[in-house]
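>>> what shape does this take:
(2 chains)
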Amino acid sequence: RKEVEQDPGPFNVPEGATVAFNCTYSNSASQSFFWYRQDCRKEPKLLMSVYSSGNEDGRFTAQLNRASQYISLLIRDSKLSDSATYLCVVFSGNTGKLIFGQGTTLQVKP
Amino acid sequence: DVKVTQSSRYLVKRTGEKVFLECVQDMDHENMFWYRQDPGLGLRLIYFSYDVKMKEKGDIPEGYSVSREKKERFSLILESASTNQTSMYLCASSLSGGPSDTQYFGPGTRLTVL
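The predicted structure follows:
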């Protein structure tokens, strides 16, 4: 079983739609959680950290459920420019390393 | 703005060749990382370094070695390239390696081994 699991998609949505991605992690010792964004043929970049109380950054909302060991990302009012792969990332307290999910691909259509 | 650069965007090598991938960061970061990214497998950590001349094995170190002689530079070496090392290689750096640290990635090197 992978330490961080995501549905690879692709998720195809029209502009203006709301879309949500989930991610599960297996290590209960995981300390920190992030969403990274990776555009086609580009490097990953930090989108946002995920805090226990949930956090919002404009149209993006991230939530963490430690009891169920899952993380979510909600994108409201999708834009064409949101088309990318979204990587769920977990910092492992055991190893001191980031563990990356394989990513969920989002395609926003006009 | 943090900048991580990698020596080549695309590289084609033959089986058995020795391959050097170079990475340089300009933000005085302590930690540097080498990953490979393959479809369906995501990013996998090959090696990382938390200080000059220090290195630690990641999850898939076999067939690779690294060198960190200066703080800003982290090299990945394929001693004898094989076709299963065809991949996208991504270098990253972070300030201190703590749980809330952001990793900054270079643009990647797409290596093809024939």
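>>> centroid-wise, who is the farthest residue in chain B?
B:Ser100 (21.1 Å; Cα atoms, centre = their mean).
>>> after the lowest-mean-pLDDT helix or strand in chain A comes which helix or strand?
Scoring the helices and strands of chain A by mean pLDDT, DSSP states H and E places strand A:97-100 at the bottom, with a mean of 91. Per DSSP states H and E, the first helix or strand lying C-terminal to strand A:97-100 is strand A:104-109.
>>> burial count for residue 28?
Using chain A. A:Ser28 is flanked by 9 other residues according to other Cβ atoms under 10 Å in any protein chain shown. Placement of C-beta: from N, CA and C, glycine included.
>>> nope, chain B
B:Asp28 has 10 nearby residues by other Cβ under 10 Å.
>>> quick one: residues contacting the nearest residue to it once chain neighbours are set aside.
Distances taken as Cβ to Cβ, 6 or more residues apart in numbering or on different chains place B:Lys71 nearest to B:Asp28, at 6.9 Å, with adjacent residues excluded. Applying Cβ atoms under 8 Å, 6 or more residues apart in numbering or on different chains, we find B:Lys71 in contact with B:28-30, B:51-52.
>>> could you redo the last one with a cut-off of 10 Å?
B:25, B:28-30, B:32, B:49, B:51-53, B:93 (Cβ atoms under 10 Å, 6 or more residues apart in numbering or on different chains).
>>> most surrounded residue in these?
Ranking the contacts of B:Lys71 using other Cβ under 10 Å puts B:Ser93 first, with 30 neighbours.
>>> find the nearest non-adjacent residue to A:Cys23, please.
Nearest non-adjacent residue to A:Cys23 (Cβ to Cβ, 6+ apart): A:Cys88, at 3.3 Å.
>>> mind checking the SS state of that neighbour?
Here A:Cys88 is recorded as strand under DSSP: H, G, I helix; E, B strand; the rest coil.
>>> retrieve the pLDDT associated with it.
pLDDT recorded at A:Cys88 is 96.
>>> repeat for the one 5 residues further on
A:Gly93 carries a pLDDT score of 77 in this model.
>>> got it, and B:Ser96?
82.
>>> and it, that's in a strand?
No: applying three-state DSSP, one finds B:Ser96 to be coil, outside a strand.
>>> where's the residue lying closest to B:Leu45 once chain neighbours are set aside relative to B:Ser80, distance?
In space, and not counting its chain neighbours, B:Leu45 is closest to B:Gly58: 3.2 Å by Cβ to Cβ, 6+ apart. Applying Cβ to Cβ, to the nearest Å, one obtains 20 Å for the distance of B:Gly58 from B:Ser80.
>>> just to revisit the earlier point, skipping adjacent residues, who's closest to the residue farthest from the centre of chain B in space?
Closest to B:Ser100 by Cβ to Cβ, 6+ apart is A:Ser32, at 5.6 Å.
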